[in-house]
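Q: predicted model, plus sequence, below.
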Number of protein chains: 2
Amino acid sequence: MSADTDRHAMKMAKKKAARDKIMASKEGEKGLVIVHTGPGKGKSSSGFGMILRCIAHEMPCAVVQFIKGAWQTGERTLIEANFSELCQFYAMGEGFTWETQDKTRDIAAAQKGWEKAKELIRDPEIKMVLLDEINIALRYDYLDINDVVSFLRDEKPEMTHVVLTGRNAKEELIELADLVTEMTLVKHPFRSGIKGQKGVEF
Amino acid sequence: MSADTDRHAMKMAKKKAARDKIMASKEGEKGLVIVHTGPGKGKSSSGFGMILRCIAHEMPCAVVQFIKGAWQTGERTLIEANFSELCQFYAMGEGFTWETQDKTRDIAAAQKGWEKAKELIRDPEIKMVLLDEINIALRYDYLDINDVVSFLRDEKPEMTHVVLTGRNAKEELIELADLVTEMTLVKHPFRSGIKGQKGVEF
């Protein structure tokens, strides 16, 4: 072993010891409230990625799409075609709100989505519920943030994970959440005239 | 229609017109170099989410895991069990580098991963290649950033998407990339003694 390799091994052994110690202190398991927000990409796709991890571990789970309901997304196709026994999928929205131009209909769709969400979260068999783009409905006050926060705080079963996505997450939700990630846009190809593409955006 | 509903409809119609105009100008399609970096969660899971969108659209794709190879992740289980015809999956790493404590072996694993990655990217049938955690290998100089950047610039087929994940993405890579998202950590449950959990972290 050269001196360099030796130093490297010692440094890494120290890192491993420190990390093992930290990990050993993390014995707790609990159902998390997880928020993905910010203007960058990856909020929905990483929620979807977690749902597929659950499916891989055979944990029953569910998705409610609040906004993208009018699109036949890849996510929906894949889950309905392959994993409908493990994952329930509900598309409640009717496209982004500027597609519908009907506030009353948007509010009704959001409320219907939230009723379904509560039913799914209350179901003790379901281990993770993804509320995709719910932050958009909250931002426009189509749903009452206080209703959502108090339900998650008081009625969510202890071991159930709930993932809420969408930009402009409300402060009350961030305060309640266990795990919050802000997706920051560093560079985006739309700026260079590239449109949304299959596999990347939908 | 009430005056309020009317105003809302007008506002949304304006938004829709503006958005349609922007979208119409985005006619281009091209294979993107996509980078997910930053200390927050969601870098790998949203890469995985995009791979599953590709699978949903029946676009052949591939994953090379540079670091997490020793773990049997949910991602790998799901893809190998259900979609091995559409998605090739290679786990080249042997756990985080502080688990192995052997720099020579880590470098060899990273190089082997990169050789496989080049082969997959060159294959004109494959539409998306996810290089999961490659930024870690680049950060420790287990791979030469100049080799990676010049390969992506000069040899990547025009329509192929390549997704590179991992914290501390190098400046050279960010410069080359078309789409860069920084995942920022706002709040993390490890700080409150909660350990990594099935479905959420792996």
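A: Received, thanks.

Q: among the helices and strands of chain A, which has the poorest mean pLDDT?
A: Here the helix or strand of chain A ranked lowest by mean pLDDT, DSSP states H and E is helix A:97-100, holding a mean of 57.

Q: which parts of chain A are helices?
A: With DSSP state H, the ranges of helices along chain A come out as A:3-24, A:43-56, A:74-82, A:97-100, A:103-122, A:134-139, A:145-154, A:171-176.

Q: tell me the most buried of those helices?
A: Compared across the helices of chain A, helix A:43-56 shows the largest average neighbour count, a mean of 27 (mean count of other C-beta atoms under 10 Å in any protein chain shown). (C-beta placed from N, C-alpha, C; glycine too.)

Q: how far does it sit from the chain's center?
A: 8 Å (C-alpha atoms, centre = their mean, to the nearest Å).

Q: ok, now stretch A:4-11?
A: Computed by C-alpha atoms, centre = their mean, the separation of stretch A:4-11 from the middle of its chain amounts to 40 Å.

Q: kindly state the beta-bridge partners for the nearest residue to residue A:169 once chain neighbours are set aside.
A: Nearest residue to residue A:169 in three dimensions, chain neighbours excluded: residue A:37, at 3.8 Å (C-beta to C-beta, 6 or more residues apart in numbering or on different chains). Here residue A:37 sits in beta bridges with residue A:182, going by DSSP bridges.

Q: I figured residue A:37 was touching residue A:171, is that so?
A: No - under the criterion of C-beta atoms under 8 Å, residue A:37 is not in contact with residue A:171, lying 10.9 Å apart.

Q: rewinding a little: the helices of chain A into a markdown table, with extra columns for distance to chain B?
A: Shown next, in a markdown table, are the helices of chain A (distance: least, C-beta to the nearest C-beta, whole Å):
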| stretch | distance to chain B |
| --- | --- |
| helix A:3-24 | 4 |
| helix A:43-56 | 3 |
| helix A:74-82 | 3 |
| helix A:97-100 | 4 |
| helix A:103-122 | 4 |
| helix A:134-139 | 13 |
| helix A:145-154 | 15 |
| helix A:171-176 | 7 |
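
Q: which stretch in those has the least confidence?
A: Lowest mean pLDDT of those: helix A:97-100, a mean of 57.

Q: coming back round to it: now distance to residue B:186 too, for the helices of chain A, in a markdown table please.
A: Shown next, in a markdown table, are those (distance: least, C-beta to C-beta, whole Å):
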| stretch | distance to residue B:186 |
| --- | --- |
| helix A:3-24 | 20 |
| helix A:43-56 | 13 |
| helix A:74-82 | 24 |
| helix A:97-100 | 26 |
| helix A:103-122 | 22 |
| helix A:134-139 | 14 |
| helix A:145-154 | 16 |
| helix A:171-176 | 7 |
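
Q: between the ones you listed, which one is nearest to residue B:132?
A: In terms of C-beta to C-beta, the element of those nearest to residue B:132 is helix A:43-56, at 11.2 Å.

Q: export the closest one as CSV, just CAs?
A: Only the C-alpha atoms of helix A:43-56 are listed here, as CSV (Å, rounded to 0.1, in the frame of the first residue of the first chain):
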residue,chain,number,x,y,z
LYS,A,43,-40.7,18.1,-8.0
SER,A,44,-43.2,15.7,-9.5
SER,A,45,-40.8,13.3,-11.0
SER,A,46,-39.1,12.6,-7.7
GLY,A,47,-42.5,12.2,-6.0
PHE,A,48,-43.2,9.7,-8.7
GLY,A,49,-39.8,8.1,-8.1
MET,A,50,-40.7,7.6,-4.5
ILE,A,51,-44.0,6.0,-5.4
LEU,A,52,-42.2,3.6,-7.6
ARG,A,53,-39.8,2.8,-4.8
CYS,A,54,-42.8,1.9,-2.6
ILE,A,55,-44.2,-0.3,-5.4
ALA,A,56,-40.8,-2.0,-5.6
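
Q: how near is residue A:133 to residue A:66?
A: Separation of residue A:133 from residue A:66 (C-beta to C-beta, to the nearest Å): 5 Å.

Q: what about the two, which has more around it?
A: Each of residue A:133 and residue A:66 has its neighbours counted (other C-beta atoms under 10 Å in any protein chain shown); residue A:66 has more, 29 against 25.

Q: now the more buried one. Its backbone dihedrals?
A: Per-residue torsions, residue A:66: phi -80, psi -30 (degrees, to the nearest 10).

Q: that one contacts residue A:138, correct?
A: No - look at residue A:66 against residue A:138 with C-beta under 8 Å: they stay out of range, at 9.1 Å.

Q: and residue A:169, its phi and psi?
A: Backbone torsions of residue A:169, given as degrees, to the nearest 10, read phi -60, psi 140.

Q: contacts only, for it.
A: A:35, A:37, A:135, A:138, A:180 (C-beta atoms under 8 Å, 6 or more residues apart in numbering or on different chains).

Q: burial check on residue A:185, number of neighbours?
A: Residue A:185: 14 neighbours (other C-beta under 10 Å).

Q: tell me the pLDDT at the residue nearest to it when sequence neighbours are not counted?
A: Counting by C-beta to C-beta, 6+ apart, the nearest residue to residue A:185 once its immediate chain neighbours are dropped is residue A:40, at 4.3 Å. Per-residue pLDDT puts residue A:40 at 89.

Q: ramachandran angles for residue A:40?
A: phi -80, psi 170.

Q: that one contacts residue B:182, correct?
A: Yes - using C-beta under 8 Å, residue A:40 is in contact with residue B:182, at 6.7 Å.

Q: so between those two, which is more surrounded?
A: Using other C-beta under 10 Å as the criterion, residue A:40 and residue B:182 rank with residue A:40 on top: 27 against 23.

Q: mind listing what that one touches?
A: Residues in contact with residue A:40 (C-beta under 8 Å, 6+ apart) are A:182, A:183, A:184, A:185, A:186, B:181, B:182, B:183.

Q: can you check residue A:153 too?
A: residue A:176.
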